[in-house]
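**Student:** structure, please.
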Amino acid sequence: MPLAWAGVVMFFGSLAQGAIGFALGMIALPLLVEAGFSLSQAVALTTLSIGIQVLSGAWRLRAHIPWDDVKPAAFARLLTVALGILLLVNIEAMDAAAVKRLVGMGVLLGVIARVIASKALRREWHPAASIAAFGLSGFLQGLVAMGGPPLVLWMTTREYSTREARAFTMSLFLINTPVQVLLLLFLSRTMSLDVILMALALSPLIAIGTTIGLRLGDRFSKQTLNRAALTVLVVIALNAML
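**Tutor:** Take a look at the predicted model:
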């Protein structure tokens with residue numbers, strides 16, 4: 001049953017990710033925790049699934065990776081991901097209902113950050129603000145596998161093409177994934193190799209969901225899909241919090 005439920009969650013999460021470019025983690029994490037996975041297991045499974053999903057895309061877009069921005073962002077994220085994981089392993093010892101509320105709040109804040117980013121004016125940030133955004137991204141990635149929103153906000157400072165934007169985020173998630181999973185294996189009492197094997201077993205479903213999502217993204221406007229996804233995420237977040 002855990003594998004079957006994880007398969008359903010990852011399929012629909014990867015479908016949404018393929019259609020609109022985000023939402024796998026924000027959909028998967030609260031639903032996995034709701035289903036009884038520990039926070040460490042849910043974070044690891046979500047992180048691995050995102051890594052599996054973006055692997056081929058990052059390879060295809062390797063010529064578009066903006067390395068001058070990726071290098072400092074990756075360095076800052078790697079410095080702070082461990083802090084997020086250390087907080088995670090302490091939080092998951094809390095009451096299960098409290099963990100669910102925390103995850104729900106994380107999803108809701110992620111939705112708010114997405115809405116703000118979509119309306120933000122493109123402007124330069126002070127270098128310290130950029131490093132803070134990267135550090136917060138790493139911390140949130142380690143804590144609740146939701147490091148994307150700070151990156152989306154930061155990308156309002158750049159005139160990236162669609163390919164450059166996707167290559168930027170994909171490369172950062174790929175660099176982060178092995179470090180995060182290894183830290184979880186060493187630091188969390190509930191994390192095990194079974195979670196890694198589960199993610200690998202679900203990789204065909206993730207690939208199918210992504211493919212279908214990409215086709216849906218071509219059939220409907222991005223605005224319509226974004227609104228639908230954000231509505232679903234708000235419902236998921238409120239369900240976890242209440």
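
**Student:** quick one: low-confidence residue ranges for the chain.
**Tutor:** Applying pLDDT under 70 to the chain picks out residues 1, 96, 118, 120-123, 222.

**Student:** as a quick check, tell me the outermost residue of it.
**Tutor:** His126 (25.4 Å; CA atoms, centre = their mean).

**Student:** who touches the host helix or strand of Gly13?
**Tutor:** Using DSSP states H and E, Gly13 falls within helix 2-20. With CB atoms under 8 Å, 6 or more residues apart in numbering as the contact definition, helix 2-20 has outside contacts at 22-25, 27-28, 31-32, 35-37, 45, 49-50, 53, 198, 201-202, 205-214, 216-217, 220, 222, 225-226, 229, 232. Where C-beta positions appear, they are placed from N, C-alpha and C, glycine not excepted.

**Student:** tell me which other helices or strands the helix or strand following that helix touches.
**Tutor:** Using DSSP H and E, the helix or strand that follows helix 2-20 in sequence is helix 24-34. Applying 3 or more CB pairs under 8 Å, 6 or more residues apart in numbering; DSSP states H and E, we find helix 24-34 packed against helix 2-20, helix 39-60, helix 96-119, helix 222-241.

**Student:** now render those helices as a markdown table, adding mean neighbour count and distance to Ser137.
**Tutor:** Below are those laid out as a markdown table (neighbours: other CB atoms under 10 Å; distance: least, CB to CB, whole Å):
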| stretch | mean neighbour count | distance to Ser137 |
| --- | --- | --- |
| helix 2-20 | 21 | 17 |
| helix 39-60 | 23 | 13 |
| helix 96-119 | 17 | 11 |
| helix 222-241 | 16 | 18 |
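
**Student:** wait, which of the ones you listed is closest to Ile85?
**Tutor:** Among these, helix 39-60 comes nearest to Ile85, with 8.1 Å by CB to CB.

**Student:** now whichever helix or strand comes after the closest one and helix 96-119, what's the angle there?
**Tutor:** Next along the chain after helix 39-60, taking DSSP H and E as the criterion, comes helix 67-91. Here helix 67-91 runs at an angle of 160 degrees relative to helix 96-119 (axes from the mean of the first three to the mean of the last three CA atoms, to 10 degrees).

**Student:** just the buried residues of helix 67-91, please?
**Tutor:** Using 16 or more other CB atoms under 10 Å as the test for burial, helix 67-91 gives 69-70, 73-74, 76-78, 80-82, 84-85, 88-89, 91.

**Student:** nearest to Gln41, of those?
**Tutor:** Distance to Gln41 across these (CB to CB) is lowest for Leu88, with 10.9 Å.

**Student:** and that closest one, what does it touch?
**Tutor:** By CB under 8 Å, 6+ apart, the contact set of Leu88 is Leu39, Ser40, Val43, Gly142, Leu143, Val144, Ser188.

**Student:** one more pass at 6 Å, please.
**Tutor:** Contact analysis of Leu88 by CB atoms under 6 Å, 6 or more residues apart in numbering lists Leu39, Leu143.

**Student:** same check on Phe22?
**Tutor:** Contacts of Phe22 (CB under 6 Å, 6+ apart): Gly148.

**Student:** repeat the analysis, applying 8 Å as the threshold.
**Tutor:** By CB under 8 Å, 6+ apart, the residues touching Phe22 are Ala16, Arg114, Gly148, Val152, Ala229.

**Student:** list just the nearest of those residues to Leu174.
**Tutor:** Gly148 (13.6 Å).

**Student:** just to check, that closest one is in contact with Gly25?
**Tutor:** Yes. With contact defined as CB atoms under 8 Å, Gly148 and Gly25 form a contacting pair (7.0 Å).
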